[in-house]
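In: quick one, structure for this:
(one chain, ligands or ions: 1)
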Amino acid sequence: MEFRDRTIILGVTGGIAIHKSLDLASQLVKRGACVHVVMTENAIRLVQPLQFQVISRNPVLLDLFDAGTDWKPPHIDLADRADLLAIVPVTANIIGKLANGIADDALSTIAVSVHCPILLAPAMNGHMYQNPFVQRNLTTLKTHGVHFIEPASGDLACGYEGVGRLNTVETILEGAGNILTSTVRSEVEDLRGVRVLVTAGATREYIDPVRFITNRSSGKMGYAIAEAATQRGAEVQLVSGTATVSPPVGIKTQHVETTLEMYDAVLEAFNKTDVVIMAGAPADYRPHEFTPHKIKKTAGTLTLPLERNPDIAQTLGERKTHQTVVCFAAETDDLLENAKKKLGRKNCDLIVANDILAEGAGFQSDTNIVTLLDRDDRCEQLPLSSKRDVADAILTKVVSIRNSAK
Ligand SMILES: Cc1cc2nc3c(=O)[nH]c(=O)nc-3n(C[C@H](O)[C@H](O)[C@H](O)COP(=O)(O)O)c2cc1C
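Out: Numbers count the residues shown, from 1 in each chain. This is a model prediction of the structure:
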């Protein structure tokens, strides 16, 4: 649904993975998008524009000075109508131009003219991708809010192996869909302008340079909450530990590894936040000492002293002023009793309790079974639901808590 009647400029550059862009154009058209292809001169040397013209059902823009009869220059006309500019594949060359505001052909000129989100899917030889100038340009673009579908690793067309393969068309479609969904506000805009901080995923507590303690959190619950909150109009910031799925494209995400890093990131953002939802699973303990070299095995047992990590939820409960704080209680025994105790102990406003041993609930799963407990002892038991539906139920509850506090 996210693609229907949306105008997408598909930039195509001179990369060897260009054929995947034909498939992408076709998939976008099938999903109802209005696709306008813009090709660079070098792209034309790899694929005939006619192929894109037939697939996209629109003329392909090649040259700004030789296009259209309208009074409006073609790059401004297209840029004004676009909901998304996706450049697939994007070469090192165009990445460099974009990062430096260079506009010397149709595509790079459109890129500096659009006021819609930009999504880039890089593909190139591994050495090109690792090149420090290319990496610097990528960082520049990321810090300016350009979205990326990161390249995958594997066999490269140039005969090398490594990172640089264009990601799959499905992944690119998913990323584009997420961006388009987040720019069309859902009908329920009950979080418009509310600043929501979400934690997701597991932390890693390093024992030595190669070993760490972690947990089974997949990040899926937190990512679903971040996506749902964005669609309900919130300004979302995600603090993510490690996850088994890619973070949602189009949401401001800070990646962290350890509980201490998650603690610092959350505390730093806390004062500028209205709602915090802690779906992440920070480790309670870390090794007392990090051994800077790999620990050698010996014949005997190894005892690893652990020390407590700071308790993020507890700290927020102590420091909160106007914020609504939501904690998760992942339990294996006495679910409701333990969750209720946690609600009081952490001084949070809502506890999402889940029995992680129940079928279809907890870590890794795409579904969850949760009970929402608030400070007025109201208890809402949700049936087995997708994590996205659970996310919406939590947010509906958050809105009602905030409304009753007004
Ligand atoms: C056969 C061939 C394949 C290429 N594949 C890539 C590629 O995958 N990624 C890339 O960044 N450059 C690739 N290049 C180099 C670019 O085409 C070259 O940097 C060009 O100047 C890019 O122009 P454009 O960005 O305007 O399309 C390739 C060149 C050739 C000849």
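
In: contacts, neighbours, all on C-alpha from now
Out: Noted.

In: list the contacts of L156.
Out: L156 is in contact with N125, G126, G162, G164, R165, counting by C-alpha atoms under 8 Å, 6 or more residues apart in numbering.

In: from those residues, which is closest to the ligand?
Out: N125 (6.4 Å; C-alpha to the nearest ligand atom).

In: can you pull the contacts of the closest one?
Out: L156, A157, C158, Y160, V163, G164, R165.

In: list the contacts of the fourth one.
Out: So that's Y160. Contacts of Y160 by C-alpha under 8 Å, 6+ apart are N125, G126.

In: wait, A17 touches A123, no?
Out: Yes. With contact defined as C-alpha atoms under 8 Å, A17 counts as touching A123 (7.0 Å).

In: any shared contact partners between these two?
Out: P89, R165, L166.

In: so which of these is the most crowded?
Out: P89 (29 neighbours; other C-alpha atoms under 10 Å).

In: doesn't it belong to a helix?
Out: No. Read with DSSP: H, G, I helix; E, B strand; the rest coil, P89 is strand and lies in no helix.

In: which parts of the stretch 251-400 of the chain sit against the ligand?
Out: On the criterion C-alpha under 6 Å from any ligand atom, the ligand has no neighbours in the stretch 251-400 of the chain.

In: who's in contact with G164?
Out: P122, A123, M124, N125, G126, Y129, P151, A152, S153, G154, L156.

In: ok so it is a strand residue?
Out: Yes. The assignment for G164, made by three-state DSSP, places it in a strand.

In: thought C379 was touching L373?
Out: Yes. With contact defined as C-alpha under 8 Å, C379 reaches L373; the gap is 4.7 Å.

In: residues in contact with the residue of the chain positioned farthest from its centre?
Out: Of all residues in the chain, A299 has its C-alpha farthest from the mean position, at 44.9 Å, by C-alpha atoms, centre = their mean. By C-alpha under 8 Å, 6+ apart, the contact list for A299 is empty.

In: how close does it get to P292?
Out: Between A299 and P292 the distance is 21 Å, computed by C-alpha to C-alpha, to the nearest Å.

In: can you check D63 too?
Out: In terms of C-alpha to C-alpha, D63 sits 57 Å off from P292.

In: let's verify the most centrally placed residue in the chain: helix, strand, or coil?
Out: Nearest to the mean C-alpha position of the chain, by C-alpha atoms, centre = their mean, lies P248 at 2.5 Å. Secondary structure state of P248, per three-state DSSP, is coil.

In: surely I213 touches A202?
Out: No. Judged on C-alpha under 8 Å, I213 makes no contact with A202 at a distance of 9.9 Å.

In: the host helix or strand of K340: how far from the chain's middle?
Out: Assigned by DSSP states H and E, K340 falls within helix 335-345. Chain-centre distance of helix 335-345: 31 Å, with C-alpha atoms, centre = their mean, to the nearest Å.

In: could you do stretch 122-138 as well?
Out: On C-alpha atoms, centre = their mean, the centre of stretch 122-138 falls 21 Å from that of its chain.

In: next one: stretch 314-324
Out: The answer for stretch 314-324 is 26 Å, by C-alpha atoms, centre = their mean.

In: find the nearest non-adjacent residue to the residue nearest to the centre of the chain, please.
Out: Y223 (6.5 Å; C-alpha to C-alpha, 6 or more residues apart in numbering).

In: point out where the stretch 1-150 of the chain drops to low pLDDT.
Out: 1, 67-69 (pLDDT under 70).
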